[in-house]
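# quick check, what structure comes out for this input:
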Amino acid sequence: MFSDILLASRVELLTPVQDHWLVETEVLDDGNSGRVYLVLLGVGGPRPIRDEAERGLKVLRDALG
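A predicted model of the protein is given here:
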């Protein structure tokens, strides 16, 4: 679970200032693992434009690297 929080923090720090994205975490039932979500809230609204989606994927990849 601690690594999920660290990953979420990295995603938050790597998110460009001009992008108003939301980073969320979810702890799974076992309490030892979880998920990190990056919610894209930019120009595309609930359906992000391709450029925003690609930028979001880059942030996630960079956070893992």
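# Arg47 - how many residues pack around it?
Residues lying near Arg47 (other C-beta atoms under 10 Å) number 8. C-betas here are computed from N, CA, C, even on glycine.
# same thing with Glu26?
Neighbours of Glu26 under the rule other C-beta under 10 Å: 10.
# isn't it up against Ala8?
No - counting by C-beta atoms under 8 Å, Glu26 does not reach Ala8; the two are 10.1 Å apart.
# would you mind identifying the helix or strand in this structure with the lowest mean pLDDT?
Ranking every helix and strand in the chain by mean pLDDT, DSSP states H and E puts helix 2-14 at the bottom, with a mean of 85.
# so Leu38, which state does it fall into?
At Leu38 the chain is in strand, as set by DSSP: H, G, I helix; E, B strand; the rest coil.
# ok, now which ones touch it?
Contact partners of Leu38, counting by C-beta atoms under 8 Å, 6 or more residues apart in numbering, are Val11, Thr15, Trp21, Leu22, Val23, Gly56, Val59, Leu60.
# gap between the last one and Ser3?
When distances are taken as C-beta to C-beta, to the nearest Å, Leu60 and Ser3 turn out to be 15 Å apart.
# ok, the two, which is more surrounded?
Between Leu60 and Ser3, counting by other C-beta under 10 Å, Leu60 is the more crowded of the two (17 against 11).
# could you give the angle of the helix or strand encompassing that one to helix 2-14?
Assigned by DSSP states H and E, Leu60 falls within helix 50-64. Put simply, helix 50-64 runs at 130 degrees to helix 2-14, going by axes from the mean of the first three to the mean of the last three C-alpha atoms, to 10 degrees.
# with just CA atoms, put helix 50-64 into CSV.
Provided in CSV are the C-alpha atoms of helix 50-64 (Å, rounded to 0.1, in the frame of the first residue of the first chain):
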residue,chain,number,x,y,z
ARG,A,50,-6.1,12.1,-27.9
ASP,A,51,-3.3,14.6,-27.0
GLU,A,52,-4.4,14.8,-23.4
ALA,A,53,-4.7,11.0,-23.2
GLU,A,54,-1.1,10.6,-24.6
ARG,A,55,0.2,13.2,-22.1
GLY,A,56,-1.5,11.3,-19.3
LEU,A,57,0.0,8.0,-20.3
LYS,A,58,3.4,9.6,-20.5
VAL,A,59,3.0,10.9,-16.9
LEU,A,60,2.1,7.4,-15.7
ARG,A,61,5.0,5.8,-17.6
ASP,A,62,7.4,8.4,-16.2
ALA,A,63,6.1,7.8,-12.7
LEU,A,64,6.8,4.1,-13.0
